[in-house]
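S.K.: one predicted model, sequence on top.
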Amino acid sequence: MPTLVVYNPVCGDGTASAFFSEHVLPLLASAGITPDKVLQTERAGHAGEFVTSHLEAVEGPFTIVLGSGDGTLHEVIEALTLTPPRGTRASAPPAKLAFALVPCGTANALYASLFPPASDADAATPAYRLRSLRAFLARPAATPLTLALTTLAPPPHARTPPRTAVSAVVASTALHASILHDSEALRASVPGLERFKRAAAQNITRWYRASATLFPVPGAGVVQVFDARTQAWAPHPQSTGADPFVDVSGPFAYFVSTVNVDRLEPRFRIAPQGRSQHAEGQGPAMEVVIVRPERDPSVEMDSEEARAAFAEKIMAVLGSAYQDGAHVGMRYAEDGRVLADGDGPLVVEYVRCGGWEWEPDDIDEHAHYVCADGDIHVIDKGGKATCVPAAPVDDKSGFAVFV
Ligand SMILES: Nc1ncnc2c1ncn2[C@@H]1O[C@H](COP(=O)(O)OP(=O)(O)OP(=O)(O)O)[C@@H](O)[C@H]1O
C-alpha cells in the first residue's frame, strides 16, 4: 500500500522533526517500508494540499504516517472531504485513507483517546508515541473514524451558500468555542498557554443565548442519556418514538460534541463513554456534553451575582472531568451546591445523539461561534449550525486509524 509520511515541525514543543529522524523513519526502514513521499510541512494548509494533490495523481488506498496534533489531522481530513474529486480521485473508486498517528501536538486528543497513557511520564516515551505506527507495521485492520459534519447555514433567503466544517474530534459552541476564539485573538499579545487561561477568564461568566435541538441516534430511534449510576445509556425522557427530537432551551454555559474520543487532553475525559462500543447497528452517533445554568436550583434569575456564583460551579464541574470523567455523575443539592452524587438534578446533561442544531439568539455575539477541531467559524446573524455524524459506508472507503 502506498505510504506517505507527513509531519508538522512547529506543532507541540517543536520536536516532530527530531522524533521522525530518530525514531519514525528508522522504524519504517527496518520494516522494509520506503515511503512514497516524506513531507515536512512549511505552513498551515500545506498538509491538506499535499495529500489532496497526491491522491489526485495516485490511486489508493493509502497509509499516512502523520506526525502532528489534532489540528493537522483535521486539516487533511477537511481538505479531502470538501475538495471536489479531480484526476484519479474522480475516476477511481473511493479509496480508504488510514493514518498511523505519531502524537507531536499539544493535546493530541484523538491519540490519547485511542491509546490512553498510563501517566504523563508514559506519554512522553518513544514507545508510547510509536504505538499507532507499530499497529500499522503489524498490519491489523485500521479502526474507522466517524466524522462530524457541521453545516453553517445563513438566514433563510440569504444569497450566500451554507458552509461545512469537518471534524474528527470536537464540534462545539458556547464556552469551549469562545475560549478558542478569544485565545486566537490574544495570540499576538499573550505568549504560550497563558492565552488560553486569559481567554477562559474572559468567558467563564458568560451565559450563551441559543436554542438547540438534539436528533435521535438513527438505529436506536431516540436520543440517549447517560446514567452514571448504572453506567448505561437510557432513552432521554423527552425523546419518544412519536417525537424523538429533543428541544433544549438556553441559556447555555457549555455545549461540546465529540466523535471518536473520550477526552480532549490526555486526562480531560469530557465524554467518558466516547470510546465504549455502541450497540450493533445503531448507525453513526455523537456524544454531547451540555451544562445549562438554569438547571441549578439556586439560580433564580440571570444576574451578575448568579453568573459569578455559577462560574465557580462550572470550573469545579469541568475540573472533575480530570478525575476520570467524574463530572457526568455530579448532581445539585436542593440549595444548589454541587455534589459528587445524590438524588438532585444532574449538573451535566451527557447525551448520545444523531446530531444537533444550534440557533443562536441574534443579540448574543459569542453564541455565534462554532469550533470544529480548533478552527473557529461564525454563524451568520439569523443563521444556525447543524452538526451530524458520518461514518464510512464500507471498509474500503473513508478515514481510519491504526490502533
Ligand atoms: N509548518 C507549519 N507552520 C505553521 N503552521 C503549520 C505548519 N504545519 C501545520 N501547521 C498548522 O499548525 C496548526 C496546529 O497544528 P497541530 O494541531 O498539528 O498541533 P498542535 O496545535 O500543537 O496540537 P493539538 O491540536 O494536539 O493541540 C494546524 O492548524 C496546522 O494547519
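M.R.: The structure has been received and is ready for your questions.
S.K.: burial measure for Phe268, as a count.
M.R.: Neighbourhood size, Phe268 [other CB atoms under 10 Å]: 16. C-beta coordinates here come from the backbone N, C-alpha and C atoms, glycine included.
S.K.: now do the contacts for it.
M.R.: Each residue near Phe268 by CB atoms under 8 Å, 6 or more residues apart in numbering is listed here: Ala321, Tyr322.
S.K.: partner residues bridging it?
M.R.: Note on Phe268: beta-bridge partners Glu265, judged by DSSP bridges.
S.K.: so which bits of stretch 396-403 are buried?
M.R.: When burial is assessed from 16 or more other CB atoms under 10 Å, stretch 396-403 yields the following buried residues: Ser397, Gly398, Phe399, Ala400, Val401, Phe402, Val403.
S.K.: export only the CA atoms of it, formatted as PDB.
M.R.: Once side chains and other backbone atoms are set aside, the C-alpha atoms of stretch 396-403 remain, and they are given as PDB (Å, rounded to 0.1, in the frame of the first residue of the first chain):
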ATOM      1  CA  LYS A 396     -12.800   0.300   1.600                       C
ATOM      2  CA  SER A 397     -13.500   4.000   2.000                       C
ATOM      3  CA  GLY A 398     -13.400   6.800   4.500                       C
ATOM      4  CA  PHE A 399     -10.800   7.500   7.100                       C
ATOM      5  CA  ALA A 400      -9.300   5.100   9.700                       C
ATOM      6  CA  VAL A 401      -6.600   5.000  12.300                       C
ATOM      7  CA  PHE A 402      -4.200   2.100  13.100                       C
ATOM      8  CA  VAL A 403      -4.900   1.100  16.700                       C
END
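S.K.: distance from it to the middle of the chain?
M.R.: A distance of 17 Å separates the centroid of the chain from that of stretch 396-403, by CA atoms, centre = their mean, to the nearest Å.
S.K.: residues contacting it, please?
M.R.: Contacts to stretch 396-403, defined as CB under 8 Å, 6+ apart, come from residues 61, 63, 77, 93-101, 110, 114-115, 132-133, 135-136, 140-145, 147, 168, 391-392.
S.K.: so Val288, which of the three states?
M.R.: Taking DSSP: H, G, I helix; E, B strand; the rest coil as the rule, one finds Val288 in the strand state.
S.K.: what's the pLDDT at the closest residue to it other than its chain neighbours?
M.R.: With CB to CB, 6 or more residues apart in numbering as the criterion, Val288 has its nearest non-adjacent residue at 4.5 Å, and that residue is Ser257. Per-residue pLDDT puts Ser257 at 98.
S.K.: which ones are touching Ser257?
M.R.: By CB under 8 Å, 6+ apart, Ser257 lies in contact with Ala148, Val170, Ala171, Ser172, Met286, Glu287, Val288, Val289, Trp356, Cys387.
S.K.: which one of those sits closest to the ligand?
M.R.: Each of those was scored against the ligand by CB to the nearest ligand atom, and Val170 proved nearest at 10.3 Å.
S.K.: okay, now the closest one: neighbour count?
M.R.: Around Val170 there are 27 other residues, counting by other CB under 10 Å.
S.K.: what's the answer for Val393, then?
M.R.: Around Val393 there are 9 residues (other CB under 10 Å).
S.K.: can you give me phi and psi for it?
M.R.: Listed backbone geometry of Val393 is phi -70, psi -30, with angles given as degrees, to the nearest 10.
S.K.: going forward, count from 719.
M.R.: With 719 as the first residue, the last one maps to Val1111.
S.K.: quick one: residues contacting it.
M.R.: Contacts of Val1111 were listed using CB under 8 Å, 6+ apart, and none were found.
S.K.: give me the three-state assignment for Tyr846.
M.R.: helix.
S.K.: before we move on, back to that, can you add pLDDT, distance to Ile1081 and secondary structure and give the buried residues of stretch 1114-1121 back as a markdown table?
M.R.: Rendered in a markdown table, the data for the buried residues of stretch 1114-1121 read as follows (pLDDT from 0 to 100; distance: CB to CB, whole Å; DSSP: H, G, I helix; E, B strand; the rest coil):
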| residue | pLDDT | distance to Ile1081 | secondary structure |
| --- | --- | --- | --- |
| Ser1115 | 84 | 43 | coil |
| Gly1116 | 92 | 40 | coil |
| Phe1117 | 95 | 39 | strand |
| Ala1118 | 96 | 43 | strand |
| Val1119 | 97 | 42 | strand |
| Phe1120 | 97 | 47 | coil |
| Val1121 | 95 | 45 | coil |
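S.K.: out of these, which one sits closest to Thr948?
M.R.: Val1121 (27.9 Å; CB to CB).
S.K.: sec struct for Leu1036, please.
M.R.: helix.
S.K.: likewise for Leu898?
M.R.: Three-state call for Leu898 (three-state DSSP): helix.
S.K.: which residues touch the closest residue to it other than its chain neighbours?
M.R.: Distances taken as CB to CB, 6+ apart put Cys1089 closest to Leu898, at 4.8 Å, once the chain neighbours are dropped. Residues in contact with Cys1089, defined by CB under 8 Å, 6+ apart, are Val888, Ala889, Ser890, Thr891, His894, Ala895, Leu898, His899, His1095.
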